[in-house]
Every structure is written in C-alpha cells, then in structure tokens.
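Asks: Okay, here's the prediction I keep looking at, along with the sequence it came from:
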Amino acid sequence: MYSVLLTTHSLVRWLVLISLLIAVFRSWQGWLHKKPFTPFDNAIRSAAVYTSQLQWLLGIILYCISPVVLYFFNYFKVAVHEREIRFFGMEHITMMFIAVGLITTGSLRSRKKTSDAQRFKTMAIWFTIAFVIIFLSIPWQWSPFTRRPYFRWF
C-alpha cells in the first residue's frame, strides 16, 4: 500500500502543478487585461483547488504510514539534524499545508468577489504565492533539501 500511495502522490503532483500553473496564468492574464471571468476560468480554479486538496489528502495518509516519518518521530533528536529526514518529517508537510490553505482561501475569497477583475486579482495573488511554496517544497532532483525522481513508478 505504501508504494502505491507514494507513486500516486508522485504522479498527482504533476496534475497539481499543471492545474495551478494554468490557474495562475489565466488569473494574471484576466486581471491585467481586464478579461471576463468565464466558466472555464471557474473550472480551472476548481481543478486547482480539488487536485491540491486530493494531493494533500494523499500526502497526509502517506505521512501517517511513511517509514521516514516514523523514523523522524522515533529518533527526533538525531533525525532533526539529518536534512532528508527533517525535510519529510517536518518541512515538506508544513509548507504543503500552508500552500493548500492558501489555495483554498484564495479560491473562497475569489468566489465571493463581485467583479471579474477582483476575482482574477484575488486568484492571482493567492495562487501565485501557493505555487511558489509548492514548487520550492517539492523534492526535485536538483533540490538542495533532498532529491527524488521526477516520476516514481510502482
């Protein structure tokens, strides 16, 4: 079960990044060019929210069963000084929790706005900040924190 969740979590990150990148692009474009907020923009907003929340749920389940996290909690005094263990035990989950909270909050605030410009502006700001946090908190192959493959297979 752990390997299936890990692979799924690894693959869903691409859906999160793509949907969030499209949402960020569309929101900045809509805000700066004063475009109307279309049903497609709303669908992109929803897709970014739902994929990020799905990924967060997968991540929470993975966090609860991960041997790396288990080691982190059982040997905290030692593990907190090991970069890779600390990254997955503490930093990754904290930053992703913040990012998903920003996406959800930005989406809710955007839905409550009455003008299209305000909707786009709200999405642009909140989603961009979340995107930066997510992008920096993913264990890329070039990451200074820890390295993981771009695609993890079963």
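Replies: That came in fine, so what should we check first? Residues are numbered from 1 along each chain as shown.
Asks: which element is the most centrally placed residue in the chain on?
Replies: Central residue of the chain (C-alpha atoms, centre = their mean): residue 134, 4.6 Å from the mean position. For residue 134, the host element (DSSP states H and E) is helix 116-137.
Asks: re the thing from before, tell me the spatial nearest neighbour of the residue nearest to the centre of the chain, not counting adjacent residues.
Replies: residue 99 (4.7 Å; C-beta to C-beta, 6 or more residues apart in numbering). All C-beta spots, glycine's among them, are computed from the backbone N, C-alpha and C.
Asks: Over to residue 121?
Replies: For residue 121, the spatially nearest residue (C-beta to C-beta, 6+ apart) is residue 31, at 4.8 Å.
Asks: Provide the secondary structure category for the one you found.
Replies: helix (DSSP: H, G, I helix; E, B strand; the rest coil).
Asks: Tell me the predicted confidence for it.
Replies: pLDDT for residue 31: 97.
Asks: For residue 2, grab the count of nearby residues.
Replies: Using other C-beta atoms under 10 Å, residue 2 is surrounded by 11 other residues.
Asks: Contact partners for it?
Replies: 62, 65-67 (C-beta atoms under 8 Å, 6 or more residues apart in numbering).
Asks: what do you get for residue 72?
Replies: Per C-beta under 8 Å, 6+ apart, neighbours of residue 72: 79-80, 85-86, 88-90.
Asks: Mind giving me the packing neighbours of the helix or strand of the chain with the lowest mean pLDDT?
Replies: The helix or strand of the chain with the poorest confidence is helix 83-86; it has a mean of 90 (mean pLDDT, DSSP states H and E). Secondary-structure packing of helix 83-86 (3 or more C-beta pairs under 8 Å, 6 or more residues apart in numbering; DSSP states H and E): helix 67-74.
Asks: So which residues make contact with the helix or strand that the helix it packs on is followed by?
Replies: Later in the chain than helix 67-74, the nearest helix or strand by DSSP H and E is helix 76-79. For helix 76-79, the external contacting residues (C-beta under 8 Å, 6+ apart) are 71-73, 85-86, 89.
Asks: Now tabulate the residues you listed in CSV and tack on distance to residue 20.
Replies: Formatted as CSV, the contacts of helix 76-79 follow (distance: C-beta to C-beta, whole Å):
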residue, distance to residue 20
71, 31
72, 28
73, 30
85, 28
86, 26
89, 25
